[in-house]
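J.: pasting a predicted model and its sequence here:
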Amino acid sequence: MLEKAERLVCLTYFDASFAQDEGMKSQCGMFSLLTDQGVVNRLVLGDLVEYESSTIRRVVRSTMAAESAALSKSLDRQLYLRLMVETLFYEQPELQDKNWRIELRISWNTRDGRQELV
């Protein structure tokens, strides 16, 4: 089982719409999957573990600001998911060091031109 855990990645997709809702409100959405690291090169199955669609609570004045708000929220949720999964497999990670995010065993990276966090 731990061999499969070594290949586990968290994949998060997110998007935002600027001032499209009633009252010129902006919307953001995201969903996260747990899947195999082969997702970088080919289609693989994944398991949906979290999703959300909500109004952006702060006032944003551009599409870039809306996308940045969605990125911030999605990154925060993905970091929490990675910590939770790592705790299930490997016990509580040591969070005293300021570089603890880099030391997580559950991997992630970004791809150019797409709004996803792996």
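T.: Looks like it arrived, so ask away.

J.: hey, let's count contacts and neighbours off CA atoms from now on
T.: Will do.

J.: what pairs with Met32 across the strands?
T.: Actually, residue 32 is Ser. It isn't Met. With DSSP bridges as the criterion, Ser32 is bridged to Thr12, Glu50.

J.: can you start the count at 28 instead of 1 from here on
T.: All right, first residue 28 from here; so that's Ser59.

J.: count of neighbours near it?
T.: Ser59: 24 surrounding residues under other C-alpha atoms under 10 Å.

J.: residues in contact with it?
T.: Cys37, Leu38, Thr39, Tyr40, Leu75, Val76, Glu77, Tyr78, Gln105 (C-alpha atoms under 8 Å, 6 or more residues apart in numbering).

J.: what subset of these is buried?
T.: Buried members of the contacts of Ser59, scored by 16 or more other C-alpha atoms under 10 Å, are Cys37, Leu38, Thr39, Tyr40, Gln105.

J.: I'd like those laid out as a markdown table, including pLDDT.
T.: As requested, the buried ones among the contacts of Ser59 are exported to a markdown table (pLDDT from 0 to 100):
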| residue | pLDDT |
| --- | --- |
| Cys37 | 86 |
| Leu38 | 86 |
| Thr39 | 88 |
| Tyr40 | 88 |
| Gln105 | 86 |
